[in-house]
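**Q** All I have is the shape, not the residue letters:
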């Protein structure tokens, strides 16, 4: 697996230990091999290329956040009452993080994170409220929440990340 991590480092997330990082690497490698096998045998689902790119970036972000110590508890979480989905939800220490992942195959004039506009932020906030309603009210009040954005750049065999912890708030 090739990769480079850049951007803001986490002040809260302790990095995973050596064996934990190796375990994340092994899992990511195994999923990549299964994808390749599915493609070779014709069993890969037919999807538009931009959707494939987005899912790949989301998966890479999931494993990178795990390597950095975040405990991911949900991926592509949806609500029956609110439109859209939250790419990743995870615990960073005592903070519940709602993570929006944006993936690009090239770096150009517009950075990937700029795609998280006001409309997308409002949608994620609404989904976060719906997710939090799943906790008992007494616990819900004490949960510290953070909204993060991860930009993933898939650049010819190299993956680069830019992390924006606390990219926006409830308002």
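**A** Noted; the coordinates are in hand. Note that the coordinates shown come from a computational prediction; the quantities given were computed from them, not determined experimentally.

**Q** Could you check how many residues crowd around residue 54?
**A** 18 (other Cβ atoms under 10 Å). All C-beta atoms are positioned from the backbone trio N, CA, C, and that covers glycine.

**Q** Also residue 157?
**A** By other Cβ under 10 Å, 8 other residues sit near residue 157.

**Q** which residues touch residue 27?
**A** By Cβ atoms under 8 Å, 6 or more residues apart in numbering, residue 27 lies in contact with residue 63.

**Q** what do you get for residue 72?
**A** Going by Cβ under 8 Å, 6+ apart, residue 72 touches 62, 65, 66, 88, 89, 90.

**Q** at 6 Å instead, please
**A** 62, 88, 90 (Cβ atoms under 6 Å, 6 or more residues apart in numbering).

**Q** In terms of secondary structure, what does the strand or helix carrying residue 160 contact?
**A** In this structure, residue 160 sits in strand 158-168 according to DSSP states H and E. Here strand 158-168 touches strand 4-5, strand 144-155, going by 3 or more Cβ pairs under 6 Å, 6 or more residues apart in numbering; DSSP states H and E.

**Q** Of these, flag the one that's most buried.
**A** strand 144-155 (a mean of 20; mean count of other Cβ atoms under 10 Å).

**Q** Summarise which helices and strands the helix or strand residue 129 falls within is packed against.
**A** Per DSSP H and E, residue 129 falls inside helix 118-132. Applying 3+ Cβ pairs under 6 Å, 6+ apart, one finds that helix 118-132 contacts strand 95-104.

**Q** How many neighbouring residues does residue 34 have?
**A** Neighbours of residue 34 (other Cβ under 10 Å): 12.

**Q** Next, it: secondary structure please.
**A** helix (DSSP: H, G, I helix; E, B strand; the rest coil).

**Q** confidence score at it?
**A** We have a pLDDT of 70 for residue 34.

**Q** who touches the helix or strand hosting residue 139?
**A** Per DSSP H and E, residue 139 falls inside helix 137-140. Contacts with helix 137-140, where a contact means Cβ under 6 Å, 6+ apart, come from residue 132.

**Q** Can you give me the buried ones in that helix?
**A** For helix 137-140, a neighbour-count test (16 or more other Cβ atoms under 10 Å) marks nothing as buried.

**Q** returning to that earlier point: for the contacts of residue 72, give me CSV that also has secondary structure and neighbour count.
**A** Putting these into CSV (DSSP: H, G, I helix; E, B strand; the rest coil; neighbours: other Cβ atoms under 10 Å) gives the following:
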residue, secondary structure, neighbour count
62, helix, 22
88, strand, 22
90, strand, 22
